[in-house]
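Chemist: here's a sequence, model it:
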Amino acid sequence: MQLRDLVDTVTGDEPPMARTVDDIIASGRRAERRRRAGFASAGAAGLVAVAVAGVLVLPALSAEQNTTPAPGPAAATMSKPGPAAWSDAEPFTFTFTGYDAGTLHVQDPIVASTAYQIASVYSGRHDSNDRPVSEEEAGVGTEMESKKGAADDKPNLWAYLTVYRPGAFDAAGIKGGTNVTVAGRKAVRATLPVGLDPRNEPDTRNKLFAWEYTDNAWAAVTSVSSDEATPTFEDLSGLVEGLKPSRPTPALVPFTVGYVPAGYQPLQIGTHAMPGLDGIAAARAGDYGGATYTKPAAPTSGLTAPYDSAEDGIENGFNIFVTPNTSSNQSPEPGATRCYAASDRGGRNAGGGFCNIWSADGTVVLQVSSGGLGDQLPQAELKKIAKGITVADVRNESTWTPAAAALRP
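Modeler: Next up, the predicted model:
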């Protein structure tokens with residue numbers, strides 16, 4: 001599956017399909033879904049879980065422990081807006097908060113990288129398929145199911161706002177872009193290709209609107225809709241004046257690494273989400289966090305889209321995911337560690353594949369995977385990375401670590 005499959009999944013009319021390990025290992029930039037009666041999620045290498053006794057520190061989650069979900073970025077990781085001036089914050093820092101613009105609603109950012117931050121964008125006129133729903137909500141097996149289409153006949157939308165660091169975005173590199181001016185700012189708009197795959201022909205349902213929000217720094221909203229007519233470029237341009245700076249806040253992750261193979265550099269993270277566009281595709285799925293590493297380090301300039309959307313994607317790297325076991329399609333194995341090679345799933349020391357660790361009670365899972373990201377790392381290295389990871393209390397964000405520190409051994 002390619003990025004276009006992720007796009008089809010999050011904007012399609014059909015309910016989300018379940019994530020499978022085979023698809024996860026085969027792709028690396030995937031979004032798989034459970035049907036609306038099940039679990040919606042997305043996975044670059046698809047959550048399977050892991051726990052290494054004595055090394056991976058995961059909560060037992062006993063009945064006496066507080067099981068209230070940790071607050072999302074809007075409540076816990078984002079500061080109140082500060083002075084209206086953009087700061088030269090370090091990578092893996094959030095520098096804006098969510099806002100509304102007409103029928104569009106920008107959320108707080110949940111993905112950060114060496115070159116940008118990403119936030120989901122919702123619309124009052126569209127459905128966004130990025131969260132689990134109950135059978136009752138979906139009307140599965142009830143009379144409500146037949147009536148739901150008429151009552152909730154909204155088009156589907158997958159949209160996100162990427163705020164690039166100064167010098168990272170190349171507006172001149174937008175294929176087929178048209179230069180415009182909005183609210184006194186330089187801007188460019190373009191129709192994006194089918195599946196957001198640069199090798200495909202343009203699809204009028206897919207739109208990009210980018211603008212210079214401060215000197216040499218650009219923001220871009222990407223809209224993939226099942227409705228060709230909405231949102232319009234005018235709708236998207238309404239986001240320009242609402243984007244304001246907030247007090248810089250480090251992006252937090254619920255783990256720290258102890259070992260990273262030579263030459264691999266942190267690229268992107270997700271807080272309360274998986275890293276990259278997979279995290280945006282499953283923004284409300286209840287995942288805890290993750291990170292992507294690459295070798296060599298990815299460029300931090302000349303970008304026209306997030307790394308996941310580049311023509312060749314992320315060619316050589318590995319992912320870390322920390323999620324609830326409900327994000328996995330495998331039965332929990334409390335305290336167990338399982339590693340599989342991409343080629344045969346049988347555990348031989350081949351390149352690619354993944355290693356999973358379950359917490360002592362099986363409710364939290366850690367995965368380290370290179371599936372779909374070049375498949376260069378042998379299983380022994382994936383296992384070594386996993387054993388070196390310490391997972392915080394996923395339900396207590398005060399135990400989480402700023403990504404800039406957490407991702408360095």
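Chemist: partner strands of the helix or strand where residue 94 lies, parallel or antiparallel?
Modeler: Assigned by DSSP states H and E, residue 94 belongs to strand 93-96. Sheet pairing of strand 93-96 (DSSP bridges) gives strand 245-250 (antiparallel).
Chemist: low pLDDT regions in this protein?
Modeler: Applying pLDDT under 70 to the chain flags the ranges 1-84, 133-152, 312, 329, 342-352, 372, 374-375.
Chemist: show me the residue at the heart of this protein, geometrically.
Modeler: Nearest residue to the geometric centre of the chain (CA atoms, centre = their mean): residue 279, 1.7 Å.
Chemist: thought that residue was touching residue 109?
Modeler: No. Counting by CB atoms under 8 Å, residue 279 sits too far from residue 109 to count as a contact (10.3 Å). Glycine gets a C-beta too; all of them are placed from N, C-alpha and C.
Chemist: any common contacting residues for those two?
Modeler: Common neighbours of residue 279 and residue 109 (criterion: CB atoms under 8 Å, 6 or more residues apart in numbering): residue 118.
Chemist: I'd say residue 266 and residue 291 touch.
Modeler: Yes. Assessed by CB under 8 Å, residue 266 is found in contact with residue 291 at 6.1 Å.
Chemist: for those two, indicate the residue with more neighbours.
Modeler: It is residue 291, of residue 266 and residue 291, that has more neighbours when counted by other CB atoms under 10 Å, with 28 against 24.
Chemist: and that one, what does it touch?
Modeler: Going by CB under 8 Å, 6+ apart, residue 291 touches 253, 266, 267, 268, 269, 270, 275, 319, 320, 403, 407.
Chemist: ok, which pair from the residues you listed is furthest apart?
Modeler: Largest separation among the contacts of residue 291 by CB to CB: 319 and 403, giving 14.2 Å.
Chemist: thinking again about what came up before, please produce CSV containing the contacts of residue 291, extended by distance to residue 326 and secondary structure.
Modeler: Output for these, formatted as CSV (distance: CB to CB, whole Å; DSSP: H, G, I helix; E, B strand; the rest coil):
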residue, distance to residue 326, secondary structure
253, 20, strand
266, 27, strand
267, 27, strand
268, 24, strand
269, 21, strand
270, 17, strand
275, 19, coil
319, 19, strand
320, 19, strand
403, 24, helix
407, 26, coil
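Chemist: a markdown table for those residues, including distance to residue 175?
Modeler: Formatted as a markdown table, those follow (distance: CB to CB, whole Å):
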| residue | distance to residue 175 |
| --- | --- |
| 253 | 34 |
| 266 | 29 |
| 267 | 24 |
| 268 | 23 |
| 269 | 28 |
| 270 | 28 |
| 275 | 26 |
| 319 | 28 |
| 320 | 33 |
| 403 | 32 |
| 407 | 33 |
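Chemist: do you know how far residue 299 is from residue 310?
Modeler: 10 Å (CB to CB, to the nearest Å).
Chemist: the more surrounded of the two?
Modeler: residue 310 (16 against 12).
Chemist: tell me the phi and psi of the more buried one?
Modeler: phi -60, psi 160 (degrees, to the nearest 10).
Chemist: now do the contacts for it.
Modeler: Applying CB under 8 Å, 6+ apart to residue 310 gives the contacts 198, 303.
Chemist: residue 390 and residue 256 touch, don't they?
Modeler: Yes. At 5.2 Å, residue 390 counts as touching residue 256 under the criterion of CB under 8 Å.
Chemist: strands along the stretch 51-200 of the chain, start to end?
Modeler: 93-96, 99-101, 104-106, 111-113, 116-123, 157-164, 178-182, 185-193 (DSSP state E, counting those that start in this stretch).
Chemist: wait, which of those is closest to residue 337?
Modeler: Minimum separation from residue 337 across those (CB to CB) falls at strand 111-113, 28.0 Å.
Chemist: direction included, what does that closest one pair against?
Modeler: strand 116-123 (antiparallel), strand 265-271 (antiparallel).
Chemist: now the residue nearest to the centre of the chain: which helix or strand?
Modeler: helix 276-281.
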